[in-house]
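Enquirer: Fold the following for me, if possible:
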Amino acid sequence: MTNPSEPLEGAPLIAPSSVSHPLYESIVDACRTVYDPEIPVNIYELGLIYTVDINAENDVKIIMTLTAPGCPVAGEMPGWIVDAISPVDGVKSVDVELTWEPPWGMEMMSDEARLELGFM
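Expert: You can find the predicted model right below:
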């Protein structure tokens, strides 16, 4: 028998986002207002936001990671996300979950972030 906490073979490491929900773009825009204090790029373009899940009642669940487990703002950044998304018209509630799987890597950055940081 397999351990229920282990992902099933073929299951995605990152849960899909609710990209067709009418609030999706506004929530992503709100995420783009939050910056990692050590890197001059917003957390969305850095690839720290893995999943934006919005249910029918407009409850938002964000699954995110940090650049490293020892990140000095690990305890604060989820609150920054809640503060950024909560004022979006139509959002009922916001829950932020930190995950370390899969671990963040530079390949998760957008082209915009790579350009800003001089990697392109």
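
Enquirer: going forward, measure contacts and count neighbours with C-alpha atoms only.
Expert: Will do.

Enquirer: Could you report the distance from the residue minimising distance to the centre of the chain to Val82?
Expert: Nearest to the geometric centre of the chain sits Ile49, at 1.6 Å (Cα atoms, centre = their mean). Counting by Cα to Cα, to the nearest Å, the gap from Ile49 to Val82 is 13 Å.

Enquirer: Same question for Gly75.
Expert: In this view, Gly75 and Val82 are 13 Å apart by Cα to Cα.

Enquirer: Between these two, point out the one with more neighbours.
Expert: With neighbours defined as other Cα atoms under 10 Å, Gly75 and Val82 compare such that Val82 has more, 19 against 10.

Enquirer: quick one: the more buried one is in a helix?
Expert: Yes - checked against DSSP: H, G, I helix; E, B strand; the rest coil, Val82 lies within a helix.

Enquirer: Need the nearest residue in space to it, chain neighbours excluded.
Expert: Val94 (5.8 Å; Cα to Cα, 6 or more residues apart in numbering).

Enquirer: next one: Gly90
Expert: Nearest residue to Gly90, sequence neighbours excluded (Cα to Cα, 6+ apart): Asn58, at 6.7 Å.
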